[in-house]
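> No sequence on hand, only this structure:
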């Protein structure tokens, strides 16, 4: 009877040790999976952030190009107006110079 009790205890201890090993292996696997998933999430977040930054940069560049073009258009219009005004007054200036010379 004592031998059977000792054997039962040893079997129980062996079973407990097996359960502990399985639990330890499961824990390691869970941790490894969590690390891999976290690394993947970080990678996705970095890629998304880079993509958003690139899109924002391109939008800023486009806005800059648009502003530059608008400024150039405005300057060209001003130049055209000044040329038109200068040509309109050219005959007056020529007449005034001729009157002064005569």
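Everything's here; your move. Computed from a predicted structure; not experimentally measured.

> State the distance from the residue nearest the centre of the chain to residue 60.
Central residue of the chain (Cα atoms, centre = their mean): residue 53, 2.3 Å from the mean position. Relative to residue 60, residue 53 is positioned 10 Å away (Cβ to Cβ, to the nearest Å). No exception for glycine: its C-beta is placed from N, CA and C like everyone else's.

> before we move on, what about residue 69?
Applying Cβ to Cβ to residue 69 and residue 60 gives a distance of 15 Å.

> now the helices: where do they sit in this protein?
Ranges of helices in the chain, per DSSP state H, are 2-101.

> what bits of it have low per-residue confidence?
For the chain, no stretch is flagged by pLDDT under 70.

> The same query, at a cut-off of 80, please.
Residue ranges of the chain with pLDDT under 80: 100-102.

> burial of residue 32, as a residue count?
When neighbours are counted by other Cβ atoms under 10 Å, residue 32 registers 10.
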